[in-house]
Each structure stands twice: as C-alpha cells, then as structure tokens.
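> Okay, here's the prediction I keep looking at, along with the sequence it came from:
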Amino acid sequence: MTRGSIYALIALGYTMVYGIIELINFAHGEIYMIGAFTALIVSSVLAFAGMSGPSVLFLAASVAIIYSAAYGFTVEKIAYKPLRQAPRLSPLISAIGMSIFLQNYVMLAQTSDFLPFPNLLPELTFLESYGLRIGSSEFIILVTTAVSMVLLTLLIKFTKMGKSMRATAQDRNMAMLVGVDVNRTISYTFIIGSVLAAIGGVLIASHIGRINFYIGFIAGIKAFTAAVLGGIGSIPGAVLGAFILGWTESFATGYVSSDYEDVFAFVLLVLILIVRPSGLLGRSTVQKV
Amino acid sequence: MNLMAQIRQSLIIALWFMFLTFPVLAVRVNTIEKVVEWRWPYMVYIGIGSFLISFVWRYLLARKAQGGKEERSPAPETTKDRATTALRTGATGKPIMQRLMAEPRLYRPVLIVLSLFGLAFPFLPFASTYQINIVTNALLYIMLGLGLNIVVGLAGLLHLGYVAFYAVGAYSYALLYYHFGIGFWAALPMGALFAALFGIILGFPVLRLRGDYLAIVTLGFAEITRLILENWNEFSFGPSGIAGIPRPGLFGMEMDLHQGTIYIYFLMIALCMFTIFVVNRLQNSRIGRAWVALREDEIACEAMGVDPTMAKLTAFALGSTWAGLAGVVFAAKTTFVNPASFTFLESAMILSIVVLGGMGSIVGVIIGAFILILLPEYLRAFSEYRMLLFGLIMVIMMIFRPQGIVVGIRRIYEFKKRAGKEGSP
C-alpha cells in the first residue's frame, strides 16, 4: 500500500503532463529526487542549528515543494517549450537529456553515495490505541496521498485552472482560440506534477531513510509503469495502476525473490503495453490521418 | 527588444538560476560530522554564467525562429546555419559537408589521407598502447553508433535499450568460451546472431507500440537484461562477471600486449569499414528507403505498400546485429565482462553520439563518436562532467540543430527536386 501510494503521487505527474502535451516527461523522476535532496539539505541545516520536531518537517517539505515546482517549471521552459512544434522524437530525446543532466548535476554537486535521510515523520501514538497494525510513517503516507488526490481532483474539476487544463488536453489549438493561455496552463501542469513528486520524494525518503542521486530514475520508470497500467492521461487510472503495481511488487518479492524486485515492474509494463496499450481505464484512440 | 530590456531579462534569469541552484549546489551537508559546508563561490559562477548564457540562448532562439520564417520564402539566403553560408557556392547552394560528400573529386583525397593516417596510426611514435586503446574504443562506439543509427536515425524508432544487445553479444562470447571453449572468430557471427534473435524476440511484441511507449519498453527491457545478468548467478556469474576471456588470435601467433592491442585496432578498423559499407548499401536499398518512409510518416508509408511491421523488425534485427558484433569485440578487448558495463548510461552515450552526429548520417555518427569518446579522454580534468555534458548536448542539439552536425545525405534528393528553392526543410 505504501509503495503504491508513492508511485501514485509520482504517476499523477506523468499522467497529467502526458494528458496535456503528449510527452513522457523523463525528467519527472529527477524532480522527485531533487525534492528529496532539498528536503534532506534543509532538514540537516535546521537540525544542526538545533531545531527539531514538526517545524523541521514543515519547513523541509515546503522548501522541497517550492524547489521542485521551480525545477519543473524551468525544465519545461528550457527543454520542452522550444520544441512544441517539433516532431515527436525531438522532445523525447530532449527529455532524456534533461533527465541525465539533472542526475549528474546532483551527483556532482552533492555526492554519489547514499546519504542517510532523517526520519522527519512524527510518531503517531494514537494508532496503537485503535489497534491498527500499521506503522505511523505508513499511515502518514497513506493519508497524505489520499488528501493530495482529493485536492487534485477538486482542482481539476472545479477551478478555472483545472478547466483550462482539461481544455488544453482535449485540443490545444481550440483551447487557444477560446481564450485559454496554453503556455501558462502547461506551466501550471508541470508545477502541480512537480509538487506531487516532491511530496512523494519527502515521504518516501523519510520512510526508507536513505537517498542518492539515482533514486529518481527507478522511481520514475515505476511511476510511468503505473501510469501506463491505468491508462496514461487518466488520473484515476494512474492511482489504480500505482496500487496494482505496488501490490504486485510486494507479492512478487514476498513469494518469488527479492533480487528481481525491479524486474517485475518492467515485465508488467511490457505485458500491459502488449495486451492493452491503452491501459485499464484509458480510452483507446485511433490515429487518424 | 532594446538592450536595457535584454539586460534586465537576463538579470532576472540569472537571479532565478541562482535561486534554483542554491540548495543543491551551494550547500553540502556532512551528515556524519554534522557540519554544513557553504559554497558561495558557486552561486556567483552560476549567476554570471546564466546571465551570459541567457543572451546566447535568446540570440539562438531568435535566429532559429527567423530561419524558420525565411525558409518558407524562396529567398536565396535559406539555411538554418548562417555560418555555413560563406562556405556554400551560390549555384548549388549545398553546405560544405554535403558538397564534399556529393563530389568524388573533393572527398576522395580526404578519404585517402584519413585512411592512410588510420593505417599508420599504431606505428606513429606517439601511439602508445594506451592511445591505441582509446582509438579502438572510439571505433567500437562508431560501430555501436552506426547500428543504433539504423534503428533511431533511419527507422525513427527511439531505442533506449541498445546496450542490452551489446550485452548479449559480449556475454555470448564469454559464455560460449567458458562452457564450450569457442574462440573469437566463431563467436563473432554467433554473438551477432544471438543479438539479432534477441532483437526479433523483443521486436515482435513491442513494435505495435507508438514511439514513446517503444522508448520506455526498450529501456525496461535493457534493465531486465541487466538485472538478470546481475542476479542469475548460475548463468552469468552475477555482478562479479566472467574474467579470462581470450583475445582474438591470428593463426595461432603469440602476441604480447602491445601487438595484441594493435591487432584489435586493425580488427576494429576492418569491422568499421564493413559496417560503413553495409549501412551505406542498406541506406540506399529498398528496405533502407522503407525505413526512411516509415520514419517520416507511418500511415502514408503503409498506404504506399510498405509493411511497417516487417520494416521495423528488420531495423531492429539489423541494429541489434551490430550491437552483438561490437559486444563480442568488447569482450575480447577487455577480456572481462560484468553487468556494470551495460547500464542505461551506456545506451544514453550511444544515443547522444547518434544525436550529436546527425540522425541518419554515417559521417555524422563517425564524427560524433570521435568527439564524444576521444574528447573526454584527452580532457581528463573534465571527464567527470562527461555525462552532464551528454545530457546537455541532447537537449541543446534537439532545440537548435535537430538534424545533427552533419545533415543526413537524404536531403540532397530534396535539393535536387526543388531546384528553385534550395535549402528548404
């Protein structure tokens, strides 16, 4: 479950971006990683200054969210916006380039080793009294994911921004004609996706307790698998896909072998794409000339 | 935009990047000794750097936009790259590289000088074993680049798992030798065959997918291959790999290390020549044209009677064959294989060779491989920034020069057809 909810947070970013500009944002996993790193740096600086408690978590998380959003915004402006009209292959290669660049940027600026991540999440004692057999960090992750998802759904359904997002996803040119600022909408999409990725980054880093520059790559692939599994472009699909992937991995590592943990995600991805490329909840689209 | 507005905008960009890079670049925490290391000078560099770069960036973007507009009008000044304008002749209007390639009188002397240099290189006084090794490495990447070029450049299928086939080639030689004592020359075609088979096995299910899905599935496939090699100890000996693979022999002659290196160098030259020959022939064959048509428009191509599945499958299989060949040579050259040599970064490196050199262009791939492999070797101080640079190259090339350093030779046909408006896209 925990695993699934983290994948869900990252997968939503993929799905939103894909829904709007039909691009696999390879750099999305890196945004997640940068969020985790920023949180680590902020919390360590604060901890050395003698602070502790929930204020550290709050500050670290908010700084991480701000920075991830800023990175997401900048990546879009640099690597994708000039390529809006280019053939499909170009933004894809540019996205891969951006992903490699960000990975190595963090590696060179910080370190290539695993860094210990302090557990920022508070211990919830009331869980025990209800007799729930769940760790407090797991509980927090689940609740945060659920809340983020509800907020996201509300945002997309009921706000003006959400409406312009849906319009842009349907038909970019038409949206432009009816007065939607498409560039701004795409920027918003990247920012929201990055915020979700940052939340995921902080939570999972606290839960697992160590990070390095490479976590974004694997997490990104898995979240992408989840997004494809549920039908890319569909928001409930991404959540469903993420949970299915999380369960599959837990079962597979439990019953088969933990060495092949990452293999299962890929096998699942390949199978899904072969059997049902549009995903579980996705609409199949026919390409027209 | 006037100058003041430009400067102001650049200042804003500089401040933005300073803000952006602040936590990761300027602060480093040492969690063991519990100290924070502040690196303020980096902030200053980033500020000044992004201030200057933003000017260049805007200038290039503006020039690109302008170039795009000009190309639609039939004016004579019509290529994206103004720098080549001076080198072009007014009558034919082709950039210098294409003129060189089009006229035998011009490119033959260059070719002869280059091949003489290539043959003489190992015997030149400055060519130590180390130097020869580096060049051999570059030749290996030329082969890989040309193989990937078939898939990415010609057929337009973004393949991110190319290294898996490279691994298949390397491991098939290693395992064949280990279990059956099969030598290099027998393993060479077998490795190629295995890689091609692998390509077909992978190709069958995934080729129905559209471009971006294909990219991610090939990436996933490469990771699966690597993880299996790493974890299946009984089969592949796990992360420790297989050591003691023999170098290729030459009629049972005994060679010391230096001679062996020279021998592999010549072997690679021969293989590269063979690759260039085959790829060149392929490019102009029926199947090569089918690939290019497929790249440009799959539906139109299908309507014209090309079976897209067959075309894609052959592209995959042939691309994988070269990876397999290169893999066997790699195993023989290093005498050791382990899964760590076949990570995603390797795939990315080969891809950036193809992207930098020019997708679909043989000369481009060769130049790209030499730049990307030799430059980091000679600029040792920058070698750790290599991958950073590769990522940057991919982004920048896609934005400003998606056709690569050397524009693919196919464009010449267009120039001929539209004699009136040369240089159209």
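Nice, I can see it. Numbers count the residues shown, from 1 in each chain, chains lettered A, B, ... in the order given.

> what residue ranges in the stretch 51-200 of chain A score low on pLDDT?
Residues of the stretch 51-200 of chain A that meet the criterion pLDDT under 70 lie in A:51-53, A:120-135.

> Residue of it closest to chain B, please.
With C-beta to the nearest C-beta as the measure, A:G97 is the residue of the stretch 51-200 of chain A nearest to chain B, at 2.7 Å. All C-beta atoms are positioned from the backbone trio N, CA, C, and that covers glycine.

> Thought B:M387 was touching that residue, still the case?
No - counting by C-beta atoms under 8 Å, A:G97 does not reach B:M387; the two are 10.5 Å apart.

> rewinding a little: show me what contacts the spatially closest residue to the residue of the stretch 51-200 of chain A closest to chain B that is not a sequence neighbour?
Distances taken as C-beta to C-beta, 6 or more residues apart in numbering or on different chains place B:M394 nearest to A:G97, at 2.7 Å, with adjacent residues excluded. Applying C-beta atoms under 8 Å, 6 or more residues apart in numbering or on different chains, we find B:M394 in contact with A:93-94, A:96-98, A:100, B:348, B:351-352, B:355.

> just to confirm, which helix or strand has B:M394 in it?
Using DSSP states H and E, B:M394 maps to helix B:386-400.

> If you count neighbours, what's buried in the strand or helix carrying A:M174?
In this assignment (DSSP H and E), A:M174 forms part of helix A:172-177. By neighbour count with 16 or more other C-beta atoms under 10 Å in any protein chain shown, helix A:172-177 contains the buried residues A:172, A:175.

> to the chain's geometric centre, what's the distance from that helix?
How far helix A:172-177 lies from its chain's middle: 27 Å, per C-alpha atoms, centre = their mean, to the nearest Å.

> Contacts for it, please.
So helix A:172-177 is contacted by A:21, A:164, A:167-168, A:182, A:185 (C-beta under 8 Å, 6+ apart).

> For B:P248, state which of the residues you listed is nearest.
Distance to B:P248, by C-beta to C-beta, is smallest for A:I21 among the contacts of helix A:172-177, at 49.7 Å.

> give the contact list for the closest one.
Counted by C-beta under 8 Å, 6+ apart, A:I21 has contacts A:80, A:84, A:172, A:186, A:189.

> if you set the cut-off to 10 Å instead, what comes out?
A:76, A:80-81, A:83-84, A:91, A:168-169, A:172, A:182, A:186, A:189-190 (C-beta atoms under 10 Å, 6 or more residues apart in numbering or on different chains).

> Quick one: those residues as a markdown table, columns for secondary structure too.
Supplementary listing: these in a markdown table, determined by DSSP: H, G, I helix; E, B strand; the rest coil:
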| residue | secondary structure |
| --- | --- |
| A:E76 | helix |
| A:Y80 | helix |
| A:K81 | helix |
| A:L83 | helix |
| A:R84 | coil |
| A:P91 | helix |
| A:T168 | helix |
| A:A169 | helix |
| A:R172 | helix |
| A:V182 | helix |
| A:I186 | helix |
| A:T189 | helix |
| A:F190 | helix |
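
> in the helix holding B:M394, what's buried?
So helix B:386-400, judged by 16+ other C-beta under 10 Å, has buried residues B:386-399.

> Adding pLDDT, write these out as CSV.
Conversion of those to CSV gives the following (pLDDT from 0 to 100):
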residue, pLDDT
B:R386, 74
B:M387, 77
B:L388, 80
B:L389, 80
B:F390, 79
B:G391, 82
B:L392, 83
B:I393, 81
B:M394, 80
B:V395, 83
B:I396, 82
B:M397, 80
B:M398, 80
B:I399, 79
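
> For the residues you listed, which two are the farthest from each other?
B:R386 and B:I399, at 20.7 Å, using C-beta to C-beta across the buried residues of helix B:386-400.

> Could you pull up the residues touching residue 241?
Assuming you mean chain A. Neighbours of A:G241 in contact, by C-beta under 10 Å, 6+ apart: A:4, A:7-8, A:11, A:15, A:223-232, A:234, A:268, A:272, A:279-282.

> Correction: the question concerned chain B.
B:170-171, B:174, B:229-230, B:334, B:336-341.

> Considering only the contacts of A:G241, which also neighbour chain B?
A:224-225, A:228, A:232, A:268, A:272 (C-beta under 10 Å from any C-beta of the partner chain).

> Which one of those is nearest to B:F51?
Closest to B:F51 out of the ones next to chain B among the contacts of A:G241 is A:F224 (35.8 Å), distances taken as C-beta to C-beta.

> Disregarding residues adjacent in the polypeptide, which is nearest to the closest one?
A:Y14 (5.4 Å).

> Same question for A:R3.
In space, A:R3 is closest to A:G246, 3.9 Å off (C-beta to C-beta, 6+ apart).

> and that neighbour, how many residues sit next to it?
21 (other C-beta atoms under 10 Å in any protein chain shown).

> name the element it belongs to?
A:G246 belongs to helix A:235-255 when assigned by DSSP H and E.

> list the buried ones in that helix?
A:235, A:237-246, A:248-250, A:252-253.

> now it: how far from the chain's centre is it?
On C-alpha atoms, centre = their mean, the centre of helix A:235-255 falls 15 Å from that of its chain.

> Tell me the helix or strand right after that helix.
helix A:261-275.

> Quick one: list the elements packing against that following helix.
Contacts defined by 3 or more C-beta pairs under 10 Å, 6 or more residues apart in numbering or on different chains; DSSP states H and E place helix A:261-275 against helix A:215-230, helix A:235-255, helix B:184-206, helix B:211-231.

> Alongside chain A, which residues does the stretch 101-250 of chain B contribute?
Residues of the stretch 101-250 of chain B that fall close to chain A, judged by C-beta under 10 Å from any C-beta: B:152, B:156-158, B:160, B:202, B:204-206, B:208-228, B:230-233, B:238.

> Now the buried members of the residues you listed.
Buried among these by 16+ other C-beta under 10 Å: B:152, B:156-158, B:160, B:202, B:206, B:209, B:212-228, B:230-231.

> residue boundaries of the strands in the stretch 201-350 of chain B?
Assigned by DSSP state E, counting those that start in this stretch, the stretch 201-350 of chain B shows strands spanning B:242-243, B:336-337.

> CSV for those, including mean pLDDT and mean neighbour count?
Formatted as CSV, those follow (pLDDT from 0 to 100; neighbours: other C-beta atoms under 10 Å in any protein chain shown):
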stretch, mean pLDDT, mean neighbour count
strand B:242-243, 74, 16
strand B:336-337, 80, 21
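
> Can you add distance to B:P41 and give the ones you listed back as TSV?
Shown next, in TSV, are these (distance: least, C-beta to C-beta, whole Å):
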stretch	distance to B:P41
strand B:242-243	45
strand B:336-337	41
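
> For A:S194, find the nearest of those.
strand B:336-337 (39.4 Å).

> tell me what that closest one is packed against?
Judged by 3+ C-beta pairs under 10 Å, 6+ apart, strand B:336-337 is in contact with helix B:162-180, strand B:242-243, helix B:308-334.

> If you average pLDDT over each of these, which is lowest?
Mean pLDDT per stretch puts strand B:242-243 lowest among the helices and strands packed on strand B:336-337, at a mean of 74.

> quick one: contacts of that one?
B:170-171, B:173-175, B:177-178, B:236-237, B:331, B:334-338.

> And A:R166, which helix or strand is it part of?
Using DSSP H and E, A:R166 falls in helix A:160-170.

> any residues touching that helix, and which ones?
Residues outside helix A:160-170 that contact it (C-beta under 10 Å, 6+ apart) are A:16, A:18-22, A:152-157, A:159, A:174-176, A:178-186, A:188-189, A:192, A:233.
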